[in-house]
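Engineer: take this sequence and fold it.
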Amino acid sequence: MEAAVAETPDRDLDQRIRHRLRQLRTDRGLTLQQVADAARLDVSTLSRLESGKRRLAVDHLPGIASALGVSIDDLLAPAVTPDPRVRNAPTARHGVTVWPLTHRGPAGGLHAYKYLVEPGRSHPPAVLPVHEGHDWMYVLSGRMRLILGEDDLVIEAGEAVEFSTLTPHWFGTFDEPVELIAIFSPQGERFHLRT
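Structural biologist: From the prediction side, this is the model:
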């Protein structure tokens, strides 16, 4: 009975560190492989440490903390419940204002945005962009013009579109603003928000 009582604090500390490790890694958008490489650990070892299939040893702490860019004290601290509100400021360019609707999540994850497309965005470029990724859009209000390959489409409020961005594409408006929700793969996000 005494042994079980003595093990409980260790088990609680181990569990807390595992949760903190996973939280810090995902908050930074890092993969298990990236952290394992930086900590000079085998990725399977790091995976087992996070899942609780292997006990965390004291000699793991410096490398893992360094790989995550935190102190050992930060790694040992209780997990912080993040504020769920997304408070990133909107950005505006090329007749489009974009509000982020998701936090930076796990690497490889999808991210959602609200778009307001101004009526002046009505003429596509001479060469339609093509890039890696996948886009999904839902029109909240207005009528969106979507050129997808050879098709020139009208997407009404309440309609959704989903397409591979390896197809030449462009979206704009007709004579009124368009509000839409967009979900991008990481490749689509990089293209739409950084070009």
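Engineer: mind checking what secondary structure Leu24 has?
Structural biologist: Following DSSP: H, G, I helix; E, B strand; the rest coil, we place Leu24 in the helix state.
Engineer: list the contacts for it?
Structural biologist: Leu68, Val70, Asp74, Leu75 (C-beta atoms under 8 Å, 6 or more residues apart in numbering). Every C-beta, even on glycine, is put in place using the N, C-alpha and C of the backbone.
Engineer: give me the number of residues near the third one?
Structural biologist: Right, Asp74. Asp74: 13 surrounding residues under other C-beta atoms under 10 Å.
Engineer: phi, psi for it please.
Structural biologist: Backbone geometry at Asp74, expressed as degrees, to the nearest 10, gives phi -70, psi -40.
Engineer: who wins for most neighbours among the contacts of Leu24?
Structural biologist: So for those (other C-beta under 10 Å), the most neighbours sit at Leu68, 21 neighbours.
Engineer: wait, isn't that residue in contact with Pro62?
Structural biologist: No: using C-beta atoms under 8 Å as the test, Leu68 is too far from Pro62 to be in contact (11.2 Å).
Engineer: quick revisit: now the two most distant members of the contacts of Leu24.
Structural biologist: Farthest pair in the contacts of Leu24 (C-beta to C-beta) is Leu68 and Asp74. Separation: 8.2 Å.
Engineer: now do the helices in this structure.
Structural biologist: Using DSSP state H, the helices of the chain run over 2-27, 32-39, 43-51, 61-68, 72-76, 186-194.
Engineer: could you dump those to a markdown table with mean pLDDT?
Structural biologist: Listed next are the helices of the chain as a markdown table, based on pLDDT from 0 to 100:
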| stretch | mean pLDDT |
| --- | --- |
| helix 2-27 | 70 |
| helix 32-39 | 91 |
| helix 43-51 | 89 |
| helix 61-68 | 90 |
| helix 72-76 | 84 |
| helix 186-194 | 61 |
